[in-house]
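Visitor: attaching a predicted model along with its sequence, questions to come.
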Amino acid sequence: MTQIPSSAELDAADPLARFRERFAPSAGLVAYLDGNSLGRPLAASLENLERVAREEWGGRLIRGWDEVWLDEPVRLGDRLAEVALGAAAGQTVIGDSTTVLLYKQIRAALALRPGRDEIVVHRDDFPTDRYVLEGIAAETGATLRWIDPGDVTPDAVAALAGPRTALVVLSAIAYRSGALADVVAITDLVHGAGALMLWDLCHAVGAIPLELDAWGVDLAVGCGYKYLNGGPGAPAFAYVRAGLLEEYRQPIQGWIGSATPFEMGQGYAPGPGIRRVLSGTPPILGMAALGPAIEMLAEAGMDAVRTKSMALTEHALSLADELLPTAVLASPRDPARRGGHVTLDHDGFEVIMPRLWERGVIPDFRRPNGIRLGLSPLSTGFAEVEAGVRAIAEELAAAGA
Ligand SMILES: *Cc1c(COP(=O)(O)O)cnc(C)c1O
């Protein structure tokens, strides 16, 4: 039996502990262990939502488009790029949902690699990524080459990437297991095959430091409502490497992404630079919650966020080893190989979920039998993790599971 480190001591020594009080209180909350599905709201985000609605929408009315809103997708995208993506300005835009941005990016990538008709994808990737790819394959005649279930390795990618490969689409952090892919090695070998690399960063952004420019990543997308705390349905982001932008064409040719949105003219011409990724009217209210959360990440620093994230998942595993000995770890043991969440499998988890929610303990259940503990570094405390794991153990015992 391992010794559980003291949660109180870990909290007292946590240099990021002060950020926890920036989050809006949630009545009855004991342990929020689902920050990787929906981040908690910052008090400043709630205030900014109100301010944007009241002052900008109510105050500026239609003038808001000319005065501030039209530039907001690129302005906020650049700020996110600087704070959390390791990307220079002009390559990131805040836009539609991740699903829609995936569609646009994948279609654009195929058009950038004419004569190539295969896309490499992972059997275990998040459903929307697979479904969008299946739709695009049906629409364009492209062939999907599937990496088998399990952790994604450079060897598995190398076995499928070749002269017919246009694009490889993978998640940097697996949504189920939390496994962190070898982003640099995979990107390099995809380039070696002459293909483009699209990383889905939904579970990575705001949890691990990213260096998209230095790593030579071609395309990326990621969610605004997980570790970026942008709220339910928050707009997602898209990154396009600067060198690709001139030739980049995406299929949802809306007026806001065109060269001349307000001329209402005939014929679409793509807008300048990263603006061409946009389609229709950008979700200004959705971005209002995202802004303060990105500023908080800037203040904390992504390296410190990662350090705490690894300490939180380590703590969760120590607690689980001791208190949940019959659960099976479905995440990498080595903290350097996982992201911000850990998954435990146990056949008793499904029946105890309603009881846990009643108690204000909120993990997330993934069929068939996995509990994910998503530990958002800036909102989660070590004692909170302990309270959550203890509650899970108590409910399992009460259920006789
Ligand atoms: C959360 C998540 C999504 C969500 O896509 P939406 O369009 O926001 O529903 C997509 N892909 C991955 C890998 C995710 O983790």
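Guide: Structure's in. What do you need? Numbering: from 1, shown residues only.

Visitor: tell me who's in contact with the closest residue to the ligand within the stretch 201-350 of the chain.
Guide: Residue nearest to the ligand within the stretch 201-350 of the chain (Cβ to the nearest ligand atom): Cys202, separated by 3.4 Å. For the C-beta atoms, the positions are set from N, CA and C on the backbone; glycine is no exception. Taking Cβ atoms under 8 Å, 6 or more residues apart in numbering as the criterion, Cys202 is in contact with 98, 126, 171, 173, 175, 221-223, 226.

Visitor: one more time with 7 Å
Guide: Residues in contact with Cys202 (Cβ atoms under 7 Å, 6 or more residues apart in numbering) are 98, 171, 222-223, 226.

Visitor: out of those residues, which sit inside helices?
Guide: The helices, defined by DSSP state H, take in Thr98 from the contacts of Cys202.

Visitor: Serialize the contacts of Cys202 to JSON lines and add fields for neighbour count, pLDDT and distance to the ligand.
Guide: Output for the contacts of Cys202, formatted as JSON lines (neighbours: other Cβ atoms under 10 Å; pLDDT from 0 to 100; distance: Cβ to the nearest ligand atom, whole Å):
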{"residue": "Thr98", "neighbour count": "25", "pLDDT": "98", "distance to the ligand": "4"}
{"residue": "Ser171", "neighbour count": "24", "pLDDT": "98", "distance to the ligand": "5"}
{"residue": "Gly222", "neighbour count": "28", "pLDDT": "98", "distance to the ligand": "8"}
{"residue": "Cys223", "neighbour count": "28", "pLDDT": "98", "distance to the ligand": "5"}
{"residue": "Lys226", "neighbour count": "29", "pLDDT": "98", "distance to the ligand": "6"}
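
Visitor: may I have the lengthiest strand in the chain as PDB, with CA atoms only?
Guide: Identified as the longest strand of the chain according to DSSP state E is strand 165-171. Output of strand 165-171 as PDB, limited to C-alpha atoms (Å, rounded to 0.1, in the frame of the first residue of the first chain):
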ATOM      1  CA  THR A 165      -1.700  10.200 -47.900                       C
ATOM      2  CA  ALA A 166      -3.000  13.700 -48.100                       C
ATOM      3  CA  LEU A 167      -3.600  14.200 -44.400                       C
ATOM      4  CA  VAL A 168      -3.300  12.600 -41.000                       C
ATOM      5  CA  VAL A 169      -5.900  13.700 -38.300                       C
ATOM      6  CA  LEU A 170      -5.200  12.800 -34.700                       C
ATOM      7  CA  SER A 171      -5.900  14.000 -31.200                       C
END
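
Visitor: quickly run through the sheet partners of it, with directions.
Guide: strand 118-122 (parallel), strand 196-200 (parallel) (DSSP bridges).

Visitor: return the most buried member of these.
Guide: Highest mean neighbour count among those (mean count of other Cβ atoms under 10 Å): strand 196-200, with a mean of 27.

Visitor: show residues contacting it.
Guide: 105-106, 109, 112-113, 129, 166-172, 183, 187, 190, 217-222.

Visitor: the strands in the protein, which residues?
Guide: Counting by DSSP E, the strands of the chain are 31-32, 92-94, 118-122, 143-147, 165-171, 196-200, 219-222, 237-240, 328-329, 341-345, 361-362, 364-366, 370-374.

Visitor: so can I have a markdown table of those showing distance to Ala304?
Guide: A markdown table is the format used below for these (distance: least, Cβ to Cβ, whole Å):
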| stretch | distance to Ala304 |
| --- | --- |
| strand 31-32 | 20 |
| strand 92-94 | 22 |
| strand 118-122 | 30 |
| strand 143-147 | 33 |
| strand 165-171 | 24 |
| strand 196-200 | 23 |
| strand 219-222 | 20 |
| strand 237-240 | 22 |
| strand 328-329 | 26 |
| strand 341-345 | 18 |
| strand 361-362 | 25 |
| strand 364-366 | 25 |
| strand 370-374 | 19 |
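
Visitor: which of the ones you listed has the lowest mean pLDDT?
Guide: Least confident of those, judged by mean pLDDT, is strand 364-366 with a mean of 91.

Visitor: cool, thanks, talk later.
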